[in-house]
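Generate a structure from the sequence data that follows.
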Amino acid sequence: MPGGRGCAGECSRGRSQRLRAHERTTPVGCLTTPMNRYQCSRVLGLVLAVLGACVVALSYPPPSWLAAEAVLLIAAGVLMILSGTPSALRDRVGPHRLLGAGNAVLGAWLVVLKLGDTGTDAELAYAIAVGLGGASLAFVGLAYVFRPGDFGLGSDGFPE
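Sure thing, here's the model as predicted:
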């Protein structure tokens, strides 16, 4: 890696202006390039969507509260998969908006997950802690959607 620039710097030298946004972060000739945030979200989204589908399949027909949780989990997973998969939708909407919406839905899932677990004081305290964590994740997701510059992202959702 001459000059300490790494593989990504070598592959995309001088070509970033001509490439579409997703091609700037996934150079073709570099197999050692670390995954970017959207590629990681695609893997996480796949895990979440499969987990949600398994919950529905193993408890079919699921009770309404479990179905709501599974739908939120699958929706978060699908949005994260879309944010990491190069497509016309991702180019039009922006990967940061898809990932932000996925994070917001995942945060809502955490809040819904703990709504019914408030029997004792300890359960109430735990539910409040998880609810606050879910709310903070949802707010970070909304910040991705509406204020991408706060995360070092340009208007296209990729690092500037």
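
who's in contact with I74?
I74 makes contacts with 48-49, 52-53, as judged by Cβ atoms under 8 Å, 6 or more residues apart in numbering. In short, each C-beta sits where N, CA and C put it, glycine included.

what about it, which helix or strand?
Using DSSP states H and E, I74 falls within helix 64-84.

in that helix, what counts as buried?
Neighbour counts over helix 64-84 (16 or more other Cβ atoms under 10 Å) mark 69-84 as buried.

Between all of these, which two are separated the most?
Longest distance between any two of the buried residues of helix 64-84 is 23.2 Å, between E69 and G84; criterion Cβ to Cβ.

ok now the longest helix seen in the chain, how far from the chain's centre?
Using DSSP state H, we find that the single longest helix of the chain is helix 121-146. How far helix 121-146 lies from its chain's middle: 16 Å, per Cα atoms, centre = their mean, to the nearest Å.

wouldn't G134 be in contact with N103 here?
No. The criterion here is Cβ atoms under 8 Å, and G134 misses it with N103 at 10.3 Å.

re earlier: what about the longest helix of the chain, average pLDDT?
With pLDDT averaged residue by residue, helix 121-146 scores 90.

Tell me the helices and strands packed up against it.
With contacts defined as 3 or more Cβ pairs under 8 Å, 6 or more residues apart in numbering; DSSP states H and E, helix 121-146 has these neighbours: helix 95-113.

and the angle from the helix it packs on to helix 64-84?
Helix 95-113 runs at 160 degrees relative to helix 64-84, counting by axes from the mean of the first three to the mean of the last three Cα atoms, to 10 degrees.

what angle do helix 95-113 and helix 121-146 make?
160 degrees.

For L82, see how far away the closest residue to N103 other than its chain neighbours is.
Spatial nearest neighbour of N103, excluding adjacent residues (Cβ to Cβ, 6 or more residues apart in numbering): G141 at 3.0 Å. Going from G141 to L82 by Cβ to Cβ, to the nearest Å gives 14 Å.
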